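Novice: 3D, please:
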Amino acid sequence: MRIRILVTVLAAVVGASASAQAGLINAGFETGDLSGWTTFTTANGTLGAVGGEVVLFDTNGDGVATPSARFRVGEAIYSHPALEGGGIYQGVALGAGALAISAAVAASTPWGNWNGGLFELLFDGLVVDSHDFGHISAGSVERASLFASFDVDAGLHEIRLRMTRPWAESDSTPLQFVDDVSLDVAEPPTEHMPEPGTITLLGLGLLGLSRARRRRRSG
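Specialist: Model (predicted):
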């Protein structure tokens, strides 16, 4: 009976799932700059004069100002109401499993504007979540969270945050903020084995119980 119990425990340890933090660099912009990230602009787009600088800002609404990437996106030259702007991206190596990805975003302006910005979260070029702030009132700060969860294959992938607006960027354009970019992969149970020491201890326990059982039978 004890042997069967230990075998069951060993199987549970071998099959246990594990969570592995994905290796994003400077996910919370703690370095005070965009180290690890690459900026980009869309066709006819701009990130604004402040595009890509890191400042202290309460992006997630918890009352604490933390390093956040700040932009002022729009069209480089106003010609038609097309969605233009840009953002940041980063390549990351992931294991196979269930991916959860999130980011805190915000828009702010002292003047008011018809469009605070469309924020999009992209994975390998596909939009997996978005939030459109639309009209933003003067002196307000609007906040939102981007989140997506889905299965991924092992390999190199790209995380991209894109911000666009339908009008030209100017000194009165709302500011866009990004912070707390997070990745987590819960890997499948079949891909993980316990530590060698754990296997050894369980094996010795099974062996000892087996010998004790044989001695009782022979006695």
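Novice: If the most centrally placed residue in the chain is in a bridge, with which residues?
Specialist: Centroid-nearest residue in the chain: residue 182, 2.8 Å away (criterion: C-alpha atoms, centre = their mean). Residue 182 forms beta bridges with residue 102, as assigned by DSSP bridges.
Novice: Could you double-check that it sits in contact with residue 99?
Specialist: No: counting by C-beta atoms under 8 Å, residue 182 sits too far from residue 99 to count as a contact (10.7 Å). All C-beta spots, glycine's among them, are computed from the backbone N, C-alpha and C.
Novice: circling back: need the per-residue pLDDT for the residue nearest to the centre of the chain.
Specialist: Per-residue confidence (pLDDT) for residue 182: 95.
Novice: Distance check, it against residue 122.
Specialist: 15 Å (C-beta to C-beta, to the nearest Å).
Novice: cool, and residue 26?
Specialist: From residue 26 to residue 122 the distance is 18 Å (C-beta to C-beta).
Novice: Same check on residue 101?
Specialist: From residue 101 to residue 122 the distance is 10 Å (C-beta to C-beta).
Novice: Break this protein into its domains for me.
Specialist: According to automatic domain parsing, the chain comprises the domains 1-16+192-219, 18-189.
Novice: Kindly report which one of these carries the lowest mean pLDDT.
Specialist: Of all those, domain 1-16+192-219 has the smallest average pLDDT, which comes to a mean of 49.
Novice: joint contacts of residue 101 and residue 122?
Specialist: Counting by C-beta atoms under 8 Å, 6 or more residues apart in numbering, the residues touching both residue 101 and residue 122 are 128, 159.
Novice: Give me the more crowded residue out of these two.
Specialist: residue 101 (24 against 18; other C-beta atoms under 10 Å).
Novice: Tell me how far the more buried one lies from residue 50.
Specialist: 26 Å.
Novice: And residue 70, by the same measure?
Specialist: In terms of C-beta to C-beta, residue 70 sits 6 Å off from residue 50.
Novice: In terms of packing, which of those two has more residues around it?
Specialist: Using other C-beta under 10 Å as the criterion, residue 70 and residue 50 rank with residue 70 on top: 24 against 14.
Novice: How about the contacts made by residue 84?
Specialist: 41-46, 73-76, 164-166 are the contacts of residue 84 under C-beta under 8 Å, 6+ apart.
Novice: if we go to 6 Å?
Specialist: When the contact criterion is C-beta atoms under 6 Å, 6 or more residues apart in numbering, the partners of residue 84 are 42, 44-45, 75, 164.
Novice: Lovely, talk soon.
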